[in-house]
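Q: Any chance you can model this:
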Amino acid sequence: MNNNNIDIEYNGIIYTIVKENTESFEIFYKRAWYIVKKQPCNIESFENATILSKIWRNNKYLDMKYNDDILNLL
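A: Next comes the predicted model:
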């Protein structure tokens, strides 16, 4: 791990998650585990999990509001 990403191994797969410049390490770490727990198995599902992780972070920590259709995807 460096300051810009973290590698997490989960169920035999190593995921590399990239930190956004504006994220605290604590929120980045939680967002990284959000992605890993979705267990994406290919690039497309990983990219989708990354997008959802940012919505999840924004809703949970930055108090941004989304419609129910989007929140149900989380």
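
Q: For the lengthiest helix in the chain, give me every contacting residue.
A: Ranked by residue count under DSSP state H, the longest helix found in the chain is helix 43-61. With contacts defined as CB atoms under 8 Å, 6 or more residues apart in numbering, helix 43-61 is touched by 15, 17, 20, 23, 27, 30-32, 34-35, 38, 40, 64-66, 70-71, 73-74. Yep, even glycine has a C-beta here, placed from its N, CA and C like the rest.

Q: Now with 10 Å, please.
A: 13, 15-18, 20, 23-24, 26-28, 30-40, 42, 62, 64-66, 70-71, 73-74 (CB atoms under 10 Å, 6 or more residues apart in numbering).

Q: can you give me the strands for this structure?
A: With DSSP state E as the criterion, the chain has strands at 5-10, 13-18.

Q: okay if I get those as a markdown table plus mean neighbour count?
A: Formatted as a markdown table, those follow (neighbours: other CB atoms under 10 Å):
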| stretch | mean neighbour count |
| --- | --- |
| strand 5-10 | 13 |
| strand 13-18 | 14 |
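
Q: Is it possible to get a markdown table of these that adds mean pLDDT and distance to Arg57?
A: Below are these laid out as a markdown table (pLDDT from 0 to 100; distance: least, CB to CB, whole Å):
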| stretch | mean pLDDT | distance to Arg57 |
| --- | --- | --- |
| strand 5-10 | 96 | 15 |
| strand 13-18 | 96 | 12 |
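
Q: now the ones you listed in TSV, with distance to Ala49?
A: Converted to TSV, the strands of the chain look like this (distance: least, CB to CB, whole Å):
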stretch	distance to Ala49
strand 5-10	12
strand 13-18	9
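
Q: Looking at stretch 51-68 now, give me its mean pLDDT.
A: Stretch 51-68 shows an average pLDDT of 97 in the prediction.

Q: Keeping just the C-alphas, turn it into PDB.
A: Extracted in PDB, the C-alpha atoms of stretch 51-68 (Å, rounded to 0.1, in the frame of the first residue of the first chain):
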ATOM      1  CA  ILE A  51     -19.000   3.600  -8.600                       C
ATOM      2  CA  LEU A  52     -21.400   2.300  -6.000                       C
ATOM      3  CA  SER A  53     -18.800   2.700  -3.300                       C
ATOM      4  CA  LYS A  54     -18.500   6.400  -4.100                       C
ATOM      5  CA  ILE A  55     -22.300   6.800  -3.900                       C
ATOM      6  CA  TRP A  56     -22.300   4.900  -0.600                       C
ATOM      7  CA  ARG A  57     -19.500   7.100   0.800                       C
ATOM      8  CA  ASN A  58     -21.200  10.300  -0.400                       C
ATOM      9  CA  ASN A  59     -24.500   9.300   1.200                       C
ATOM     10  CA  LYS A  60     -23.100   7.900   4.400                       C
ATOM     11  CA  TYR A  61     -20.300  10.400   5.200                       C
ATOM     12  CA  LEU A  62     -21.000  13.500   3.100                       C
ATOM     13  CA  ASP A  63     -24.800  13.600   3.600                       C
ATOM     14  CA  MET A  64     -25.500  13.700  -0.100                       C
ATOM     15  CA  LYS A  65     -29.000  12.600  -1.000                       C
ATOM     16  CA  TYR A  66     -29.900  10.200  -3.800                       C
ATOM     17  CA  ASN A  67     -33.200   8.800  -5.000                       C
ATOM     18  CA  ASP A  68     -34.500   5.500  -3.800                       C
END
